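J.: how would this look folded up:
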Amino acid sequence: MAFTTLSLHSTTPISHFQQWKDQPAINHAKPCTTTVFGQPSKVLSIIKPSKFHLTTNRSVHDSSILRSFNSNADVDVTITNSTIFGIDGKPISVDETDLDRPTEGFSSIEEAIEDVRRGKMVVVVDDEDRENEGDLIMAAEAVTKETMAFIVKHGTGIVCVGMKGEDLERLNIPLMVDDKDNQEMLSTAFTITVDGRDGTTTGVSAEDRVATVVALASKHSKPYDFKRPGHIFPLRYREGGVLKRPGHTEASVDLAELAGLFPAGILCEIVDDEDGSMARLPKLRQFAKHHGLKIISIADLIRYRRKREKLIERIGVPTRMPTTWGPFNAYCYKSTLDSIEHIALVKGDLGDGEDILVRVHSECLTGDIFGSGRCDCGKQLGLAMQHIEEAGKGVLVYVRGQEGRGIGLGNKLLAYNLQDAGRDTVEANQDLGLPIDSRDYTVAAQIVKDVGVRTMRLMTNNPAKYMGLKGYGLGISGRVPLVTPITKDNKRYLETKRAKMGHVYGLEFNGGLSALIGANKK
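T.: Next up, the predicted model:
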């Protein structure tokens, strides 16, 4: 029988755990031992959908590591299948490692792909720090007079068609301006406009636009089949799609291709029907619900593709590499997205790939090479190599291009100046308008798999890394903390990572339920 496991993270011990008295289903709950953050923990397993009441006199953090309940909190919790909901109606215990789980308030990518396959439109939303807009998108080959009329009515009227470069070149449809001269805010690759030569009059009616779009989405069309200029705006898709450029152009082509259709998609920005401005969330959600359309985010589409596509290639053959910690075999990999080369150091025979000691280490020039005292990166690197040598087998993946948690070397040095002025590592990034941690673990996960690892004991203090790697289907049998010396130079940095980024330096248990805490002894 399937069951749901409740795992609670707590910075201090939980006082007690009492059942919801009016819910007999809680009688089907039983204590068991499971794994929380890679460590054995006593938790409560719920055999069937139930409600229960949790009382604590401490701060309790849910397993998403994103929200917490205040001290002396009484929390009503409902378990339904595999999702746990709090009294606020929001899920408080979900599998954050599931890359197919849509962002809250959005449809799944699988649902959107199916609708596109069936000739329906979907609403696609990009990030708030980008355009922060929603587009109506559908497969170009499926357009009808009715869907075109709907798009024109609810959109800006500027109907675009995302297309691959090879098809635009086949049809002799060049860019409107060269890349170096493109002054559009997001460098959208507009081509010259076109109308279909056959079956059109002025080119601007819904019926005429359909004829043009259908011709663009035909592999049999020739350059002569189009008049220039016209009323449809082809856009050149960037090779690699949303993985290279998180734009609506790329999303339109990716969705059509994922649906098994000709790789061209109609897109048109949705306007607010009250004032004619660009529609934003939550109006886009209201619009989608009112018209029975799926609404998805480009961020979810990126995760969907990353999970399914191979994004690395091995360069050359393994090379013996003697190191301070003993001999390793070095494997070089290149990312197919950005051509950055990464290295994996493998110790010993990995055998069946089960229960392998693994460290995924992000490049840190200042810490790894120059021994900077501002961080613990270099010391963690050395400690991980030492652990692997002592174990006799293991893997260290050195991920390049992730300097400063992904902000780059120059920005990291700017952040250091702000830290000297009193800001912590999180605040400094925010002051610079940069993400706190923008690292993605797709490439690292694929490298770990490629060298033969199936399940691993992950050396990390970082829950985001733990969950990021687990999301790619890698089994994690345990976590090995990397506890390095605290110094006057890195003390505040380490404390900020613990307090604001959830880093865990040790484990402490409390009775029937586990309390997972940062217990780095000073």
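J.: for the protein, just list every one of the helices.
T.: Assigned by DSSP state H, the helices in the chain fall at 109-117, 145-154, 165-170, 206-216, 248-258, 283-291, 298-308, 377-391, 403-406, 409-420, 425-431, 442-450, 463-470, 491-501.
J.: and these as JSON lines, adding distance to residue 183, mean pLDDT and mean neighbour count?
T.: C-betas here are computed from N, CA, C, even on glycine. Shown next, in JSON lines, are the helices of the chain (distance: least, Cβ to Cβ, whole Å; pLDDT from 0 to 100; neighbours: other Cβ atoms under 10 Å):
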{"stretch": "helix 109-117", "distance to residue 183": "32", "mean pLDDT": "97", "mean neighbour count": "20"}
{"stretch": "helix 145-154", "distance to residue 183": "27", "mean pLDDT": "97", "mean neighbour count": "17"}
{"stretch": "helix 165-170", "distance to residue 183": "21", "mean pLDDT": "98", "mean neighbour count": "16"}
{"stretch": "helix 206-216", "distance to residue 183": "25", "mean pLDDT": "98", "mean neighbour count": "23"}
{"stretch": "helix 248-258", "distance to residue 183": "17", "mean pLDDT": "97", "mean neighbour count": "27"}
{"stretch": "helix 283-291", "distance to residue 183": "27", "mean pLDDT": "95", "mean neighbour count": "16"}
{"stretch": "helix 298-308", "distance to residue 183": "23", "mean pLDDT": "92", "mean neighbour count": "19"}
{"stretch": "helix 377-391", "distance to residue 183": "40", "mean pLDDT": "97", "mean neighbour count": "19"}
{"stretch": "helix 403-406", "distance to residue 183": "28", "mean pLDDT": "95", "mean neighbour count": "21"}
{"stretch": "helix 409-420", "distance to residue 183": "25", "mean pLDDT": "97", "mean neighbour count": "16"}
{"stretch": "helix 425-431", "distance to residue 183": "29", "mean pLDDT": "95", "mean neighbour count": "19"}
{"stretch": "helix 442-450", "distance to residue 183": "32", "mean pLDDT": "96", "mean neighbour count": "22"}
{"stretch": "helix 463-470", "distance to residue 183": "36", "mean pLDDT": "84", "mean neighbour count": "21"}
{"stretch": "helix 491-501", "distance to residue 183": "38", "mean pLDDT": "90", "mean neighbour count": "17"}
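J.: could I get those helices as JSON lines with distance to residue 321?
T.: Shown next, in JSON lines, are the helices of the chain (distance: least, Cβ to Cβ, whole Å):
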{"stretch": "helix 109-117", "distance to residue 321": "40"}
{"stretch": "helix 145-154", "distance to residue 321": "57"}
{"stretch": "helix 165-170", "distance to residue 321": "40"}
{"stretch": "helix 206-216", "distance to residue 321": "52"}
{"stretch": "helix 248-258", "distance to residue 321": "39"}
{"stretch": "helix 283-291", "distance to residue 321": "52"}
{"stretch": "helix 298-308", "distance to residue 321": "29"}
{"stretch": "helix 377-391", "distance to residue 321": "11"}
{"stretch": "helix 403-406", "distance to residue 321": "23"}
{"stretch": "helix 409-420", "distance to residue 321": "25"}
{"stretch": "helix 425-431", "distance to residue 321": "32"}
{"stretch": "helix 442-450", "distance to residue 321": "16"}
{"stretch": "helix 463-470", "distance to residue 321": "24"}
{"stretch": "helix 491-501", "distance to residue 321": "30"}
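J.: ok, which of those comes nearest residue 484?
T.: Comparison of the helices of the chain against residue 484 by Cβ to Cβ identifies helix 377-391 as nearest, at 3.9 Å.
J.: what is the closest one packed up against?
T.: Helix 377-391 sits against strand 341-347, strand 356-362, strand 394-399, with contacts defined as 3 or more Cβ pairs under 8 Å, 6 or more residues apart in numbering; DSSP states H and E.
J.: pull it out as PDB, backbone CA atoms only.
T.: What follows is helix 377-391, C-alpha atoms only, in PDB (Å, rounded to 0.1, in the frame of the first residue of the first chain):
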ATOM      1  CA  CYS A 377      35.300  26.500  -1.000                       C
ATOM      2  CA  GLY A 378      39.000  25.600  -1.200                       C
ATOM      3  CA  LYS A 379      38.900  23.800   2.100                       C
ATOM      4  CA  GLN A 380      35.800  21.900   1.100                       C
ATOM      5  CA  LEU A 381      37.500  20.900  -2.200                       C
ATOM      6  CA  GLY A 382      40.500  19.500  -0.400                       C
ATOM      7  CA  LEU A 383      38.400  17.800   2.300                       C
ATOM      8  CA  ALA A 384      36.200  16.100  -0.400                       C
ATOM      9  CA  MET A 385      39.300  14.800  -2.200                       C
ATOM     10  CA  GLN A 386      40.700  13.500   1.100                       C
ATOM     11  CA  HIS A 387      37.400  11.700   1.800                       C
ATOM     12  CA  ILE A 388      37.400  10.100  -1.600                       C
ATOM     13  CA  GLU A 389      41.000   9.000  -1.300                       C
ATOM     14  CA  GLU A 390      40.300   7.400   2.200                       C
ATOM     15  CA  ALA A 391      37.200   5.600   0.800                       C
END
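J.: contacts for it, please.
T.: 323-326, 345, 347, 357, 359, 361-362, 364, 366-369, 371-372, 394-396, 459, 480, 482, 484-485 (Cβ atoms under 8 Å, 6 or more residues apart in numbering).
J.: tilt between it and strand 394-399?
T.: In terms of direction (axes from the mean of the first three to the mean of the last three Cα atoms, to 10 degrees), helix 377-391 departs from strand 394-399 by 160 degrees.
J.: go ahead and measure how far helix 377-391 is from the middle of the chain.
T.: The chain centroid and the centroid of helix 377-391 are separated by 28 Å, computed with Cα atoms, centre = their mean, to the nearest Å.
J.: again, but for stretch 333-347
T.: Distance, stretch centre to chain centre, for stretch 333-347: 20 Å (Cα atoms, centre = their mean).
J.: quick check: end-to-end length of it?
T.: One end of stretch 333-347 sits 17 Å from the other (Cα to Cα, to the nearest Å).
J.: buried stuff in that stretch?
T.: Within stretch 333-347, the residues that count as buried by 16 or more other Cβ atoms under 10 Å are 333, 334, 335, 337, 342, 343, 344, 345, 346, 347.
J.: of the contacts of helix 377-391, keep whichever come out buried.
T.: Among the contacts of helix 377-391, the ones that count as buried by 16+ other Cβ under 10 Å are 325, 345, 347, 357, 359, 361-362, 364, 366-368, 372, 394-396, 459, 480, 482, 484.
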